[in-house]
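> Sharing a model that was predicted from the sequence below.
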Amino acid sequence: MTEFSVDTPQVVIEAVNLTKDRLSSFLKKRTRVLDGLNLQIYAGQTYGLIGPNGAGKTTTVKLLLGLLRPDEGEAKVLGAPSSQRENLARIGFLPENPYFYSHLTGREFLTFVGKLFSLPDDLIETRVKNLVEKVSLVDACDKPTGKYSKGMLQRLGIAQALINDPQILFLDEPMSGLDPLGRMDVRRILHELKAEGKTIFFNSHLLPDVGELCDRVGLLVNGKMVADSPVSDIAEGGNFKALEDFFLEHVQAAMHPSKDSKPHSEQN
Amino acid sequence: MQIIAAIALNTFREVLRDKIIYAFFVFACLISLFGILLGTLSVGQDIRIVEDLGLAAISLIGGIIAVFSGANLVFKELERRTIYLIFSKPVKSWQFILGKYLGLASCLLIIILMMGGFLGALVGFVDPTSPANALTHLPWLALSLALVYLELLFIIASASLFSTFSTPIMSVLFTLCFWLVGHSCASLQDLAKMSTNPAVSKFFAALYWLMPDLQSLTRVRSELMYGRALTTGGGQGELLIYLTTYILAYVIILLVLSALINERRELP
């Protein structure tokens, strides 16, 4: 298996003409949810995939993780096809609105996840101790997760995604439903992970967070990638308004192609 | 192995914390009340009545737990979306299915042992004047319990298979049908012989060969309860080994099918 180093920029996440259709459950009507996605993300990058609801962001993550099979095209992570389950040992994933086993305490749950990665018991113990500190769950880690608040669940979700010390992190809407304090906590954790050199791929609706955290941003509308650009080119100094304008222009242009709504960035 | 053990332990905890242990208290109350009441009405047959009723109750309560918990085994993970957390880790489909199965099987073992222990104690209590008489019953009781557990292992495997592709209600119905037909194997054979239509005859004959012969399991259990040494097939030990192998072969086939169906599943 190819080893990747953070020092040399290498493609660690790749999608080539990635396409996925959804079949309706009754009439088996086919709807295209992802249409020929091409994507290249380099080691150490923080990539934000943004787009309106139903744009295909979660589908993209699931295809990259091998939870869904593509109808056309190919998804590769760390140089291997997504269908190779062994690769998942070097990947961390936080699903959208995560639900954990409510009968387990936070510590029991993290230990359980550590065992799913076949980590040795002493290493699991050390990592659980460090991670509950990192995500500020020291006081709550011996309580059942059924009693956790939304913010605590999200932080526990991030901790479980880090238990294997992954090279790549996939985070699906990591800030959704969080209050400003919760968002601040998650942002702090993501900044730390970014400083550690992890490759982070995340979906979000929250443009200020994307502007603050990401190196590059991709905009998905109706299953198609309509823009993919470094954040510094769009919003200098993390200017949230510029990123919002970029988002609105491209989404409107993609949704109403007949109107003269070509994005300014392309007109210039 | 660590992965299977982790999933099994998690399932074991989940089932136990679902207050399933209360089934034991229902059993204890039922058998104490009816066993002793009916035992006093039958002259000199107190122990027999308590044993017969006790085993029937264990079989029924164990069966109910096996059918309902088994039917929810995979579906619950899908419904609560915890399955995303499992399959975004390097866990293979067969490891997941086997872990879930072993977790529920161990939980049932504990409950059967508790109910069996209570029944054994009750047998001693019913005839305190001759403990030797009560003691002679215990080995037969233990063997009969082992056969009840063997049947439950088959039921959990059937319910697990159905739970991989249908809703819990449908899984319960399918499993109950499977269980019922397994107990009517002789009738299937008779129907195949009686039918004048060759197609119908072949259908019932095929069904007879396909379904497990649970009827024989009950027959052997009844013989054991009447303290008869089993001579069919050359000896008691040999027959029990044959029955165990026979049921375990079915269990393995059902689990392999469950793993194959689960392997093909996408997680949208």
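Arrived safely.

> Do any residues in stretch A:202-222 lie close to chain B?
No: taking Cβ under 8 Å from any Cβ of the partner chain as the criterion, stretch A:202-222 and chain B are apart, separated by no less than 14.0 Å. C-beta here means a position set from N, CA and C on the backbone, and glycine is covered the same way.

> try stretch A:176-196
No: Stretch A:176-196 is not in contact with chain B by Cβ under 8 Å from any Cβ; minimum separation 14.4 Å.

> And the contacts of that stretch?
The contact list for stretch A:176-196 (Cβ atoms under 8 Å, 6 or more residues apart in numbering or on different chains) reads A:46, A:96-97, A:134-136, A:150-151, A:154-155, A:158, A:162, A:169, A:171, A:174-175, A:200, A:202, A:204-206, A:209, A:212-213.

> Among those residues, the buried ones, what's the ChimeraX command?
Those of those that count as buried under 16 or more other Cβ atoms under 10 Å in any protein chain shown are selected in ChimeraX with:
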select /A:46,96,134,135,151,154,155,158,162,169,171,174,175,200,202,204,205,206,209,212,213
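
> Which members of the contacts of stretch A:176-196 are positioned in helices?
Among the contacts of stretch A:176-196, the members found in helices (DSSP state H) are A:134, A:150-151, A:154-155, A:158, A:162, A:209, A:212-213.

> Tell me which two in the residues you listed are the farthest apart.
A:K150 and A:E212 (21.0 Å; Cβ to Cβ).

> Give the burial count for A:G36, as a bare number.
15 (other Cβ atoms under 10 Å in any protein chain shown).

> what comes into contact with the host helix or strand of A:V217?
For A:V217, the element it lies in under DSSP states H and E is strand A:216-221. With contacts defined as Cβ under 8 Å, 6+ apart, strand A:216-221 is touched by A:37, A:39, A:41, A:45-52, A:55-57, A:60, A:210, A:225-231, A:234, A:243, A:246-247, A:250-251, A:254-255.

> mind running it again at 6 Å?
Contact with strand A:216-221 is made by A:47-51, A:55-57, A:210, A:225-228, A:230-231, A:250-251, A:254, as judged by Cβ atoms under 6 Å, 6 or more residues apart in numbering or on different chains.

> Is it possible to mark the buried ones in those?
If you count burial by 16+ other Cβ under 10 Å, the buried members of the contacts of strand A:216-221 come out as A:47-51, A:55-57, A:210, A:225-227, A:231, A:250-251, A:254.

> now do the same end-to-end measure for stretch A:165-175.
Length of stretch A:165-175, first residue to last, Cα to Cα, to the nearest Å: 21 Å.

> and stretch A:154-172, how far out from the chain's middle?
Stretch A:154-172 sits 10 Å away from the centroid of its parent chain (Cα atoms, centre = their mean, to the nearest Å).

> wait, what's in contact with the residue of the stretch 51-200 of chain A at minimum distance from chain B?
Residue nearest to chain B within the stretch 51-200 of chain A (Cβ to the nearest Cβ): A:K115, separated by 3.5 Å. By Cβ under 6 Å, 6+ apart, the contact list for A:K115 reads B:2, B:6.

> again, only this time at 10 Å
A:121, A:124, A:163, B:2-7, B:9-10, B:89 (Cβ atoms under 10 Å, 6 or more residues apart in numbering or on different chains).

> Count the residues that sit near B:A23.
The burial count assigned to B:A23 is 17, neighbours taken as other Cβ under 10 Å.

> would it count as being in a strand?
No: according to DSSP: H, G, I helix; E, B strand; the rest coil, B:A23 belongs to no strand; its state is helix.

> Name the nearest residue to it, ignoring sequence neighbours.
Counting by Cβ to Cβ, 6 or more residues apart in numbering or on different chains, B:A23 lies nearest to B:I61, which is 5.2 Å off, once chain neighbours are set aside.

> B:I64 now?
Of all residues not flanking B:I64 in the chain, B:A23 sits nearest, at 7.7 Å (Cβ to Cβ, 6+ apart).

> Wait, that neighbour touches B:I111, no?
Yes: under the criterion of Cβ atoms under 10 Å, B:A23 makes contact with B:I111 at 6.2 Å.

> Can you work out which residues contact both of these two?
Taking Cβ under 10 Å, 6+ apart as the criterion, B:A23 and B:I111 both touch B:61-62, B:65.

> Next, the closest residue to A:M152 other than its chain neighbours: secondary structure please.
The shortest distance from A:M152 to any non-neighbouring residue, by Cβ to Cβ, 6+ apart, is to A:A140 (5.9 Å). What three-state DSSP gives for A:A140 is coil.

> out of the shared contacts of B:A23 and B:I111, who's nearest B:S187?
Of the shared contacts of B:A23 and B:I111, the one sitting nearest to B:S187 (Cβ to Cβ) turns out to be B:G62, at 24.0 Å.

> residues of the helix or strand where the closest one lies that come out buried?
Secondary structure from DSSP H and E places B:G62 in helix B:46-72. The neighbour-count check on helix B:46-72 (16+ other Cβ under 10 Å) flags B:46-55, B:57-59, B:61-63, B:65-67, B:69-72 as buried.

> which bits of the stretch 1-150 of chain B sit near chain A?
By Cβ under 10 Å from any Cβ of the partner chain, the residues of the stretch 1-150 of chain B that approach chain A are B:1-7, B:9-11, B:13-18, B:77, B:79-93, B:95-96, B:99.

> ok, and the closest non-adjacent residue to A:A75?
Per Cβ to Cβ, 6+ apart, closest to A:A75 is A:S82, 4.3 Å.

> Good, we can wrap up now.
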